[in-house]
Structure formats: C-alpha cells, structure tokens
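Visitor: Okay, predicted coordinates and the sequence, questions at the end:
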Amino acid sequence: MIVRFPYGKEHLSYDFSGECLQGVLVSGLHGYTPQKQGVALIEEAMAAPIGSPRLSELARGKRRVVIIASDHTRPVPSRVIIPPMLREIRQGNPEAEIAILIATGCHRDTTREELIEKFGAEIVEKETIVVHRSTEKEKMVQVGTLPSGGALWINRLAYEADLLVSEGFIEPHFFAGFSGGRKSVLPGVAAKESVLANHCSEFIAHPKARTGVLQDNPIHADMLWAAKAAHLAYIVNVVINEKKEAIFAVAGDVEQAHLAGCEFLSGLCRVKPLPADVVISTNGGYPLDQNIYQAVKGMTAAEATVKEGGVIIMLAKSNDGHGGEQFYRQLADEPDIQKTMNVFLSRGRNETVPDQWQTQIFLRVLQRATVIYVSDAPADMVRQMHMTPATDLADALQKAKTLLKNETPTITAIPDGVAVMVVE
C-alpha cells in the first residue's frame with residue numbers, strides 16, 4: 001500500500017493503508033528492460049534508420065550541418081544521443097561545420113551550467129552551441145504559411161543549413177498527442193508568433209488535440225508541416241523510463257521514425273481510467289516539475305480519470321515558482337475562471353497571447369475538479385492561481401476529505417502523470 005511519487009530529484013512516499021485506494025496507474029515503460037542501453041541503443045537505431053539513408057550518407061557533401069537539440073526543460077539524455085550523431089556526421093563528412101541549436105521554443109535561455117549538465121563539459125567546450133530565442137525576429141526567416149493560417153518563421157541557422165537534423169524524446173503530450181519528432185522545429189526553433197498561431201484557442205479546444213492523438217490533430221498537422229518546410233531530414237528520438245534513461249530509440253525520417261516511436265510508446269503507456277473522487281498525480285519529478293506551468297501536463301492525466309466535482313492532488317516541487325509571468329497573471333488577475341475561458345475562446349488563430357494555451361488547459365482542469373497543490377511554491381501564489389496549497393500528501397488528503405465532506409473517498413494514484421495516457 002506504499003506508493004512512491006517522484007518529486008523534484010527525490011520521491012515522496014505514502015502509505016495508503018486504511019484509505020480507499022482503487023489502484024495505481026503506471027506506465028509499462030517503468031518495467032521495460034531494453035536489450036541494449038545508453039550509446040549502444042542509439043547506435044543500433046542509427047545503424048538501421050527508418051525511411052532514410054544513414055546519417056553519414058546524408059552528411060556527404062554537406063558543409064553546414066545543424067543539430068537541433070532539446071533545452072533544459074526536457075529530460076532528453078543528450079549525453080548519449082549527441083556523441084553518436086556527431087561521430088556519424090563526421091564519418092560522412094570530416095569537414096562539416098556543425099552547430100548545435102538549442103530548441104528553447106518560447107522558454108528562457110538555457111544557461112551554460114544547464115548545457116554542461118545536459119551534454120557534458122567536453123561537448124560544451126568543443127562544439128558550437130547556439131541558443132534559439134523566439135523573439136529575435138532578425139535571426140528568423142519566413143518559410144510559408146502554416147495550415148493554421150499563421151506565418152511560419154524559423155531560426156535562420158536551421159533553415160539555411162545544408163543538412164538539418166534533430167534529437168529528442170517521445171512522451172505523451174497533452175495537446176500535441178506526442179512530443180518529439182516534428183516538435184523540434186515548431187515550437188522548438190520557431191518565432192514566437194508562429195508558436196502562438198499553432199497554440200490558438202480553437203486548436204487547444206479541438207477534441208483531437210489530446211494526449212496520444214495524432215490523427216486529425218490540428219496542432220500536430222501544423223508541426224509536421226513546419227518540420228517538412230524546414231527540411232528536417234533526420235531525427236534521433238528516444239523513449240525514456242522514470243530514471244530518465246533511454247529504453248528505446250528510433251532514427252531516420254521525421255515522420256516515419258517518429259510514428260514508430262509513438263507506436264512503441266503507446267503499447268506500453270496506455271492505461272484505462274479508474275474513476276475516483278481523488279486522483280493524485282505528478283509531473284514525473286525533475287526537470288519537468290520545476291514550475292506550475294509545466295505541472296499542468298501531469299494534471300491532465302488526473303483530469304482523465306477524476307470524477308466530475310472531485311479533487312486532483314498534484315505533487316510538483318515548483319521550486320521555480322509559477323514558470324511564466326503572463327501565465328500567472330492570466331490566472332491571478334481574474335477570479336472568474338469562466339470569464340477568462342470565454343475571452344480565450346473569442347480570440348482568432350492569430351490573436352493568441354503568450355501562455356494562453358497552458359492557462360486554457362489549466363482552466364479546463366479546474367472546471368472539472370478542485371486542485372490541491374503540494375509544492376515548494378509560495379502558498380499565496382498557489383491560492384492566487386485558483387488552487388489549494390498543501391504542505392505534504394497527508395495534508396492534501398485531509399483537505400480533500402474536508403472539501404468532499406467524505407472521510408473515505410475513492411482514490412486513484414498516478415505516480416508519473418506525464419508517462420501515462422489515460423484512455424478508454
């Protein structure tokens with residue numbers, strides 16, 4: 001009856017003896033053991049690319065090569081992915097001028113310390129690394145119009161490369177279906193206005209813009225179009241376990257290889273709902289639970305199985321606070337969440353404001369259930385964002401019982417809310 005929940009770089013454990021715990025929703029990823037690990041796993045995938053020649057062949061005769069890499073907010077094991085990619089590029093073309101472009105999307109800059117933690121000191125010292133900034137329009141180039149109707153602007157370094165490739169990881173994504181693959185370009189190295197058009201309220205509200213759904217998902221369609229317009233020629237993507245270790249890898253064509261990774265992931269992390277009065281979720285610990293903004297992802301797993309009018313207990317360290325001033329203000333400045341939702345839904349595709357999409361999804365969760373938030377964030381901040389703060393899981397459960405006026409509510413636990421897809 002003891003369940004361990006990732007929290008920051010540690011775990012919170014709770015003994016549910018005496019509670020009405022219905023079950024624990026866990027991903028099969030955590031029990032999966034690959035035949036190969038680390039660099040060997042990556043090299044095996046790169047030796048048999050899907051729908052593409054080997055990277056060494058693609059690199060022949062290409063002078064300027066750009067590798068799009070994930071930023072500090074993504075637990076991609078870049079230390080084991082980037083070295084084999086660099087080796088194979090140079091095997092095909094020893095004279096290649098290689099740049100690693102950090103796909104920050106609309107996030108803050110990745111610091112040097114975070115780059116060293118991600119890639120290791122040797123790569124940071126020896127390789128050319130450029131951090132993408134979505135607001136630096138002078139460093140962008142327009143390459144067409146997205147299916148959403150927004151202009152696609154992407155980093156000039158990426159677009160003007162003779163060969164554009166990327167690394168990444170595939171996980172369930174709460175509105176793009178899955179992360180990885182095409183997301184390296186949009187939102188990864190796109191201009192802010194292109195990201196805003198893609199994340200419009202109409203698309204976020206679309207019934208197909210949900211975890212695990214690619215077919216007819218308008219957000220995915222935009223992203224895939226952008227990757228092809230940018231001539232993203234090759235990807236190396238991994239699936240990771242709760243220890244952030246790569247357990248599966250795909251390489252090759254941006255669409256075909258990504259789909260193969262998504263199919264593998266789906267086979268392991270789909271779980272059926274266990275409707276309950278109280279659902280406990282997390283964001284899988286560090287680095288995805290550093291702020292409230294990112295924690296919305298884990299809340300959507302709970303949303304899919306909590307009873308209408310129930311309680312979601314979200315465990316996310318949130319040592320960086322809210323994670324976005326506009327996200328915070330959109331919630332804190334208006335006590336009526338339906339009023340805020342109506343404002344968002346009234347905006348057209350090119351009228352999206354920053355962080356609106358995250359707030360929109362958060363509001364959807366709040367309209368279904370009360371959220372009790374266990375974190376290191378200031379209690380006043382949590383309250384201003386329409387949640388109830390709690391000091392620990394025991395405190396949260398007691399507050400849930402008080403809210404529900406029920407000393408024996410049914411409980412479903414989701415130790416890693418970003419690693420499961422809760423679907424019928």
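Guide: Nice, thanks for sending it over.
Visitor: Would you mind listing the buried residues in stretch 239-246?
Guide: Across stretch 239-246, burial judged by 16 or more other C-beta atoms under 10 Å covers 239-242, 246. All C-beta spots, glycine's among them, are computed from the backbone N, C-alpha and C.
Visitor: out of the residues you listed, which are inside helices?
Guide: Using DSSP state H, no member of the buried residues of stretch 239-246 falls in helices.
Visitor: Return the member of those nearest to Ala419.
Guide: Glu242 (6.8 Å; C-beta to C-beta).
Visitor: Count the residues that sit near the nearest residue to the closest one once chain neighbours are set aside.
Guide: Once flanking residues are discounted, Glu242 sits nearest to His30: 5.0 Å by C-beta to C-beta, 6 or more residues apart in numbering. By the criterion of other C-beta atoms under 10 Å, His30 has 15 neighbours.
Visitor: Run a quick check on His30 versus Asn241, I expect a contact.
Guide: Yes - contact status for His30 versus Asn241: in contact at 5.6 Å, counting by C-beta atoms under 8 Å.
Visitor: ok, residues contacting the lowest-mean-pLDDT helix or strand in the chain?
Guide: Lowest mean confidence among the helices and strands of the chain (mean pLDDT, DSSP states H and E): strand 172-173, at a mean of 92. Strand 172-173 is contacted from outside by 178-179, 183, 211-212, 265, 269, 297, 418-421, using C-beta atoms under 8 Å, 6 or more residues apart in numbering.
Visitor: Repeat the analysis, applying 7 Å as the threshold.
Guide: 178-179, 211-212, 269, 418, 420-421 (C-beta atoms under 7 Å, 6 or more residues apart in numbering).
Visitor: Arg349 against His199, yeah?
Guide: No - with contact defined as C-beta atoms under 7 Å, Arg349 and His199 do not form a contacting pair (9.7 Å).
Visitor: Which one's more surrounded, those two?
Guide: His199 (28 against 18).
Visitor: Name the residues of whichever strand or helix holds Val365 that come out as buried.
Guide: Taking DSSP states H and E as the definition, one finds Val365 inside helix 356-368. Neighbour counts using 16+ other C-beta under 10 Å place 356-366, 368 of helix 356-368 among the buried residues.
Visitor: Need the residues you listed in CSV (columns: pLDDT and distance to Glu127).
Guide: Listed next are the buried residues of helix 356-368 as CSV, based on pLDDT from 0 to 100; distance: C-beta to C-beta, whole Å:
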residue, pLDDT, distance to Glu127
Gln356, 95, 36
Trp357, 95, 33
Gln358, 96, 32
Thr359, 97, 37
Gln360, 98, 38
Ile361, 97, 36
Phe362, 98, 38
Leu363, 98, 42
Arg364, 97, 42
Val365, 98, 40
Leu366, 98, 44
Arg368, 98, 46
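Visitor: Go through those residues and say which is closest to Gln256.
Guide: Closest to Gln256, out of all of the buried residues of helix 356-368 and judged by C-beta to C-beta, is Trp357, at 27.9 Å.
Visitor: Quick check: closest non-adjacent residue to the closest one.
Guide: Closest to Trp357 by C-beta to C-beta, 6+ apart is His199, at 4.0 Å.
Visitor: which stretches of the stretch 101-250 of the chain form helices?
Guide: For the stretch 101-250 of the chain, the helices defined by DSSP state H, counting those that start in this stretch occupy 112-119, 121-126, 156-159, 192-198, 201-204, 218-229.
Visitor: Switch those over to a markdown table; also include mean pLDDT and distance to Gly105.
Guide: Converted to a markdown table, the helices of the stretch 101-250 of the chain look like this (pLDDT from 0 to 100; distance: least, C-beta to C-beta, whole Å):
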| stretch | mean pLDDT | distance to Gly105 |
| --- | --- | --- |
| helix 112-119 | 95 | 15 |
| helix 121-126 | 97 | 21 |
| helix 156-159 | 98 | 13 |
| helix 192-198 | 94 | 6 |
| helix 201-204 | 96 | 16 |
| helix 218-229 | 98 | 11 |
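Visitor: Next, Arg64: phi, psi?
Guide: phi -100, psi 110 (degrees, to the nearest 10).
Visitor: cool, the one 10 residues further on as well?
Guide: In this entry, Arg74 is assigned phi and psi values of phi -120, psi 130 (degrees, to the nearest 10).
Visitor: got the contact list for it?
Guide: Per C-beta under 7 Å, 6+ apart, neighbours of Arg74: Phe169.
Visitor: one more time with 8 Å
Guide: Per C-beta under 8 Å, 6+ apart, neighbours of Arg74: 168-169, 179, 287.
Visitor: Closest one of those to Leu115?
Guide: When those are compared against Leu115 (criterion: C-beta to C-beta), the nearest one is Pro287, at 13.4 Å.
Visitor: Excluding covalently adjacent residues, which one is nearest to that closest one?
Guide: Here the residue nearest Pro287, using C-beta to C-beta, 6+ apart, is Pro75, at 5.6 Å.
Visitor: I figured the one you found was touching Lys243, is that so?
Guide: No - Pro75 lies out of contact with Lys243 (C-beta under 8 Å); the separation is 9.8 Å.
Visitor: Need the pLDDT of Ala233.
Guide: Ala233 is assigned a pLDDT of 98 by the prediction.
Visitor: Leu163 is in contact with that one, correct?
Guide: Yes - between Ala233 and Leu163 there is a contact at 6.0 Å, judged by C-beta under 8 Å.
Visitor: So for Pro75 and Lys243, which residues contact both of them?
Guide: What both Pro75 and Lys243 touch, as defined by C-beta under 8 Å, 6+ apart, is an empty set.
Visitor: The stretch 251-400 of the chain: strands as residue ranges?
Guide: 270-271, 276-282, 306-315, 370-374, 388-390 (DSSP state E, counting those that start in this stretch).
Visitor: roughly how far out does the second one sit from the chain middle?
Guide: In terms of C-alpha atoms, centre = their mean, to the nearest Å, the gap separating the centre of strand 276-282 from the centre of its chain is 21 Å.
Visitor: again, but for the longest one
Guide: Strand 306-315 sits 22 Å away from the centroid of its parent chain (C-alpha atoms, centre = their mean).
Visitor: How about stretch 182-191, which residues are buried there?
Guide: Across stretch 182-191, burial judged by 16+ other C-beta under 10 Å covers 182-191.
Visitor: quick one: contacts for Lys244?
Guide: 75, 77.
Visitor: and Arg90, helix, strand or coil?
Guide: Classification of Arg90 by DSSP: H, G, I helix; E, B strand; the rest coil places it in helix.
Visitor: Burial check on it, number of neighbours?
Guide: Arg90, neighbours per other C-beta under 10 Å, totals 15.
Visitor: Excluding chain neighbours, what is closest to it?
Guide: Ala96 is the one closest to Arg90 (C-beta to C-beta, 6+ apart), at 6.3 Å.
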